[in-house]
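Q: Here is a sequence together with a model predicted from it:
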Amino acid sequence: MSGICEIFPEDPSCAVEEVEPEVVEEVVEEAEGEVEEEVAEEGEGEEEADAEPEMKVDNSEAAAKAVADWSSLKDMSSMADMNPMMANLSMAATTTIWMLHGALEAFRYRSKSTYYDLSEIDGGTNWFKI
């Protein structure tokens, strides 16, 4: 789906705030001896890091929404494959059927004596004939 910012990127409401990059301290290369000591110290702290596992995040709602969006997109893509002429043919068929129905109703044979016989119930008053 396109937003207003994709159509009018120069619009002031679409301006994006510039984020200043974080200042990273320069790391001075150390001598080989000092690097080995740091590696040994890091190995000792690994046990503590393993003790507290990171919290698991439940992304099932986001996944369900993504699947639903994809399914609706997939269903609508089949509509794009349809032949545009089918709409015209359907409209022509509908109007032809209604025209034929009207002509058959207007020009069929009806005798005046038996026209209202179907609306009579149990020999009572025939309200359609009145």
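A: Received the coordinates, thanks. Model, not experiment: these values are computed from the prediction.
Q: make it CA atoms for all contacts and neighbour counts henceforth
A: Noted.
Q: In this protein, where's the longest helix?
A: In the chain, taking DSSP state H as the definition, the longest helix is helix 85-107.
Q: Distance from that helix to the middle of the chain?
A: In terms of CA atoms, centre = their mean, to the nearest Å, the centre of helix 85-107 is found 35 Å from the chain centre.
Q: what does the average pLDDT come to for that helix?
A: Averaged across helix 85-107, pLDDT comes to 92.
Q: What ranges in this protein fall below the confidence cut-off?
A: Under the criterion pLDDT under 70, the flagged ranges of the chain are 1-2, 21-53, 78-81.
Q: rewinding a little: which residues touch the longest helix of the chain?
A: Outside helix 85-107, not one residue touches it by CA atoms under 8 Å, 6 or more residues apart in numbering.
Q: Pull that helix out as PDB, backbone CA atoms only.
A: C-alpha atoms of helix 85-107 as PDB (Å, rounded to 0.1, in the frame of the first residue of the first chain):
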ATOM      1  CA  MET A  85     -14.400  -9.500 -21.200                       C
ATOM      2  CA  MET A  86     -16.200 -11.700 -18.700                       C
ATOM      3  CA  ALA A  87     -17.700  -8.700 -17.000                       C
ATOM      4  CA  ASN A  88     -19.200  -7.500 -20.300                       C
ATOM      5  CA  LEU A  89     -20.500 -10.900 -21.200                       C
ATOM      6  CA  SER A  90     -22.100 -11.300 -17.800                       C
ATOM      7  CA  MET A  91     -23.800  -8.000 -18.100                       C
ATOM      8  CA  ALA A  92     -25.100  -8.800 -21.600                       C
ATOM      9  CA  ALA A  93     -26.400 -12.200 -20.400                       C
ATOM     10  CA  THR A  94     -28.200 -10.600 -17.500                       C
ATOM     11  CA  THR A  95     -29.900  -8.000 -19.600                       C
ATOM     12  CA  THR A  96     -30.900 -10.600 -22.200                       C
ATOM     13  CA  ILE A  97     -32.500 -12.800 -19.600                       C
ATOM     14  CA  TRP A  98     -34.500  -9.900 -18.200                       C
ATOM     15  CA  MET A  99     -35.600  -8.800 -21.700                       C
ATOM     16  CA  LEU A 100     -36.600 -12.400 -22.600                       C
ATOM     17  CA  HIS A 101     -38.500 -12.700 -19.300                       C
ATOM     18  CA  GLY A 102     -40.400  -9.500 -20.000                       C
ATOM     19  CA  ALA A 103     -41.200 -10.500 -23.600                       C
ATOM     20  CA  LEU A 104     -42.500 -14.000 -22.600                       C
ATOM     21  CA  GLU A 105     -44.600 -12.400 -19.900                       C
ATOM     22  CA  ALA A 106     -46.100  -9.800 -22.200                       C
ATOM     23  CA  PHE A 107     -46.700 -12.000 -25.200                       C
END
